[in-house]
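In: A structural model of the following input is requested.
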Amino acid sequence: MHKVCYFCSKWKQMNLDFNKNEDYNRQLASDLRQRLVKIYKGGGQKRIDKEHAKGKLTARERIDYLIDNDKNAIEIGAFVGLDMYQEQGGCPSGGVVVKMAYIQGVQCIVVANDATVKAGAWFPITAKKNLRAQEIAIENKLPIIYLVDSAGVFLPMQDEIFPDKEHFGRLFRNNAIMSSMGITQISVVMGSCVAGGAYLPIMSDEAIMVDKTSSIFLAGSYLVKAAIGESIDNETLGGATTHNEISGVADYKAKDDKDALDKVKNIISKIAYPQKAGFNRVKAASPRENQDEIFGILPKSRAQQYDMKELIKRLVDDSAFEEYKADFGKTIICAYARIDGWAVGIVANQRTIVKNAKKEMQFGGVIYSDSADKATRFIANCNQKKIPLVFLQDVTGFMVGSKSEHSGIIKDGAKMVNAVSNSVVPKFTIIIGNSYGAGNYAMCGKAYDPRLIVAWPSAELAVMSGGSASKVLLQIEKSRLAKLGETITPEKEAALLKNIQDRYNKQISPYYAASRLWTDAIINPLDTRTWISMGIEAADHAPIEKQFNMGVLQV
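Out: Prediction:
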């Protein structure tokens, strides 16, 4: 009788799983590319043609012309506004394009109003995205260039954009703060710049206006006529000639979009080299392990186990890392490594099933007391050594139950949250898979000020998993209906569960999070090294001025 080789069978199964995973994750990456292609069209081809007919470039064309062709660029918030404001016609990319890129070799933030989307009008999410762009510039002391072409606040939603702290007015407050910090701000007015928005170019260091297509005024000709009875056309009221020759509001007049952008390049090329934070960097090396294998290693099911170390090998230089406390607190991996030459400290959730010294089972993706304690110590070490931190999230939360509670899981979790909160080195978060509950917080979620936070297409963000949450929500709904005297048949229960699952699954999607700017982007896993490298390079512009201090803790 022929015997089946156990190891051969296991290898075949592993190979089969790898291929299934690869097919699934490559399809997610393909879907990401297709969604981006649609997003890049902004308000659609007809509106793009309309801008071209006016002799204007689109927002994306302006950025492409401005930035260096031989350097990398990353886009912040491409999916902002996705499936939002449908009654108002939608708001692709929030009506504004934001990129971190290089201009004449200088790393900058570029913000461009997209006039193909409601004439560049500001929705609530537009304000949030603009403020995020300014936040990145402030944190990293990067020059910021505004390419202005906006009809101003979208009036039907003015109550959600005008009066609050994180609304439209905060933009100009930030202009003033950045000016006091010595951060270069250049505005190029390439279309409308009206009402409160008119303060933006004037609060920048320098303002450029394009002849015949740009205008700056607090009130347009129609409103002026209605308010004071004066009859005047917009060009005479606030065109490029008026503000360059009469008011002195603008500093340069350009003949067209490209001429204006050339002036920006000329100004940026003369900026002094920034003081550096001095993060450690050596010559970069590619991972020895094949990066494409990420697609096969990452499982299709978010409940499946895998070895996070295999992903790390495909993200770090030479596939080499030095693991800290390798045999302790095994559900979190802490390691020193390099990414594109930059020294980094990695904090990652381990998703294999591991055992501790007492042979008791520990489940991957869950944070235990010993793991939290290890991570806290490691974060403190990286702060002392001024090593940037990279968090790789695939976490279902902290361990629950009497044993964990009695061992002080809340205290140890609080120490980890404290260390993340008070960290002074730049932090970068990559959401690979699950990002649930307090695990999101401890692993440097958006609330903990990562310099950049991005998700892979496989990511899920929620208080708890879809399966668990759906069961809880179903019980709540059944109780409510029972109180109303309704009979719950098996068919009705199944329909209720499906409705709850569909709604919850939509909310845990990485696209739902990205549309609301809970993450800065959804990226192809193969672009992870680029995002981290550019992020650390940006952070290197801002020397660390604070000392790491965790304050009062219950040890």
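In: What count of nearby residues applies to Ser269?
Out: Neighbours of Ser269 under the rule other C-beta atoms under 10 Å: 11. (Glycine included, C-beta is placed from N, CA and C.)
In: right, and it touches Gln104 too?
Out: Yes - using C-beta atoms under 8 Å, Ser269 is in contact with Gln104, at 4.0 Å.
In: what residues are shared contacts of the two?
Out: Among the neighbours of Ser269, none is also in contact with Gln104 (C-beta atoms under 8 Å, 6 or more residues apart in numbering).
In: send the alpha carbons of stretch 431-447 over as CSV?
Out: Included here for stretch 431-447 are C-alpha records, laid out as CSV according to Å, rounded to 0.1, in the frame of the first residue of the first chain:
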residue,chain,number,x,y,z
ILE,A,431,-2.9,48.7,9.0
ILE,A,432,-2.3,45.4,7.4
GLY,A,433,-5.4,43.4,8.6
ASN,A,434,-7.6,43.8,11.6
SER,A,435,-7.6,47.0,13.6
TYR,A,436,-10.1,46.5,16.3
GLY,A,437,-11.0,48.3,19.6
ALA,A,438,-8.3,49.3,22.0
GLY,A,439,-5.8,47.4,19.9
ASN,A,440,-6.1,50.2,17.3
TYR,A,441,-5.3,52.7,20.0
ALA,A,442,-2.3,50.8,21.5
MET,A,443,-0.9,50.2,18.1
CYS,A,444,-0.9,53.9,17.2
GLY,A,445,-4.2,54.5,15.5
LYS,A,446,-5.1,57.9,14.1
ALA,A,447,-5.9,59.4,17.5
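In: buried set for it?
Out: Of the residues in stretch 431-447, those buried by neighbour count under the rule 16 or more other C-beta atoms under 10 Å are 431-446.
In: Restricted to helices, list those.
Out: When DSSP state H is applied, the buried residues of stretch 431-447 are split such that Gly437, Ala438, Gly439, Asn440, Tyr441, Ala442 fall in helices.
In: residue ranges for the strands of the stretch 101-250 of the chain, please.
Out: 106-113, 144-150, 185-194, 206-210, 215-217 (DSSP state E, counting those that start in this stretch).
In: ok, back up a step: just the closest of the buried residues of stretch 431-447 to Asp23, please.
Out: Taking C-beta to C-beta as the measure, Asp23 lies nearest Gly433 of these, at 17.5 Å.
In: how long is stretch 338-347 end to end?
Out: In terms of C-alpha to C-alpha, to the nearest Å, the two terminal residues of stretch 338-347 are separated by 13 Å.
In: Identify the residues contacting that stretch?
Out: Contacts with stretch 338-347, where a contact means C-beta under 8 Å, 6+ apart, come from 279-285, 312, 315-318, 320-321, 332-337, 375, 378-379, 381-382, 387-392, 443-444, 529-530, 532-533, 536-537.
In: Recalculate using a threshold of 7 Å.
Out: Stretch 338-347 is contacted by residues 279-284, 312, 315-317, 321, 332-337, 375, 378-379, 382, 387-392, 443, 529, 532-533, 536 when judged by C-beta atoms under 7 Å, 6 or more residues apart in numbering.
In: worst-scoring helix or strand of the protein, pLDDT-wise?
Out: helix 402-406 (a mean of 68; mean pLDDT, DSSP states H and E).
In: Just the pLDDT at the closest residue to Ile332 other than its chain neighbours, thanks.
Out: Once its chain neighbours are removed from consideration, Ile332 has its nearest residue in Ser371; the separation is 3.9 Å (C-beta to C-beta, 6 or more residues apart in numbering). Per-residue confidence (pLDDT) for Ser371: 94.
In: Roughly how far does Ser371 sit from Glu51?
Out: Computed as C-beta to C-beta, to the nearest Å, the Ser371 to Glu51 distance reads 53 Å.
In: Pick out whichever of the two has more residues nearby.
Out: Summary of the neighbour comparison: Ser371 and Glu51, criterion other C-beta under 10 Å, with Ser371 having more neighbours (29 against 22).
In: most tightly surrounded among the strands of the stretch 101-250 of the chain?
Out: strand 144-150 (a mean of 27; mean count of other C-beta atoms under 10 Å).
In: tilt between it and strand 185-194?
Out: Here the directions of strand 144-150 and strand 185-194 differ by 10 degrees (axes from the mean of the first three to the mean of the last three C-alpha atoms, to 10 degrees).
In: Partner strands of strand 144-150, with direction?
Out: strand 106-113 (parallel), strand 185-194 (parallel) (DSSP bridges).
In: rewinding a little: surely the residue nearest to Ile332 is within a helix?
Out: Yes - assignment of Ser371 by DSSP: H, G, I helix; E, B strand; the rest coil places it within a helix.
In: contacting residues around it?
Out: Gly329, Thr331, Ile332.
In: Output these in a markdown table, with pLDDT, neighbour count and distance to Glu293 appended to each entry.
Out: A markdown table is the format used below for those (pLDDT from 0 to 100; neighbours: other C-beta atoms under 10 Å; distance: C-beta to C-beta, whole Å):
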| residue | pLDDT | neighbour count | distance to Glu293 |
| --- | --- | --- | --- |
| Gly329 | 93 | 26 | 27 |
| Thr331 | 94 | 26 | 23 |
| Ile332 | 96 | 26 | 23 |
